[in-house]
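>>> Sharing a model prediction with you, sequence too.
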Amino acid sequence: MAHRKLDVDFDEEDQFIDEDQTASGPTASSAQVEAAVDARSNEVRALLSRGDVTGAVAKALESPPAGAHVQSVKDKNTATVMEALLAAKSTDITNVVKSLPPSCVDTLMKYIYRGMELPEVYNSTVLLTWHEKTWVVVLSRSGHWMFTEK
């Protein structure tokens with residue numbers, strides 16, 4: 001097929017990336033990941049009890065668990081992130097998002113979508129507010145707007 005510039009039939013085993021691997025090597029054991037998530041959850045609760053929602057959201061988003069074998073731990077971490085997000089006042093969301101580095105904003109969006117998958121557990125209205133305000137911050141950082149005034 002002369003019109004193809006890329007050989008789509010080519011498959012190289014060395015390019016496969018296992019879900020249980022990270023850029024720095026194998027993921028930690030389930031027990032280690034669970035202990036880290038539990039510790040982070042306690043730190044997030046302590047920050048929330050002091051009224052530091054910005055710190056709690058940032059802490060909740062750091063080092064999310066990776067790997068297919070830790071789904072229950074991922075669910076625990078999602079609950080921790082949601083606890084921090086749902087504690088924020090709608091007037092504070094923009095400032096919280098602005099304080100996050102771009103990599104954490106990406107992770108934040110993933111958790112917002114994860115929370116929206118479970119409307120019976122997490123308040124979708126609040127998550128939609130987070131989504132809206134996060135996109136405004138992302139677009140203002142990039143200098144690109146999706147909509148133009150007519």
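Sure, I can see it. Numbering: from 1, shown residues only.

>>> Please count neighbours and contacts with C-alpha atoms only from this point.
OK.

>>> Now the residue nearest in space to the middle of the chain. Nearest residue, chain neighbours left out?
Geometric centre of the chain, nearest residue: Thr107, 2.5 Å, by CA atoms, centre = their mean. Leaving aside its sequence neighbours, Thr107 sits nearest to Leu61 (CA to CA, 6 or more residues apart in numbering; 6.7 Å).

>>> and the gap between that neighbour and Glu120?
Relative to Glu120, Leu61 is positioned 22 Å away (CA to CA, to the nearest Å).

>>> So for those two, which sits in the more crowded spot?
Using other CA atoms under 10 Å as the criterion, Leu61 and Glu120 rank with Leu61 on top: 24 against 9.

>>> My guess is the more buried one contacts Met109. True?
No: the pair Leu61 / Met109 is not scored as a contact, 10.3 Å apart, by CA atoms under 8 Å.

>>> residue contacts, the nearest residue to Ala87 once chain neighbours are set aside?
Sequence neighbours aside, Val53 is the residue nearest to Ala87 in space, at 7.0 Å (criterion: CA to CA, 6+ apart). Listed by CA atoms under 8 Å, 6 or more residues apart in numbering, the contact partners of Val53 are 47, 84, 87-88, 96.

>>> ok, now with 7 Å
By CA atoms under 7 Å, 6 or more residues apart in numbering, the contact list for Val53 reads 47, 84, 87-88.

>>> Before we move on, what's the pLDDT of Asp7?
Predicted confidence (pLDDT) for Asp7: 63.

>>> Helices of this structure, residue ranges please.
30-49, 53-61, 71-87, 93-99, 102-116, 124-142 (DSSP state H).

>>> Mean pLDDT added to those helices, as CSV?
As requested, the helices of the chain are exported to CSV (pLDDT from 0 to 100):
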stretch, mean pLDDT
helix 30-49, 92
helix 53-61, 96
helix 71-87, 94
helix 93-99, 95
helix 102-116, 93
helix 124-142, 91
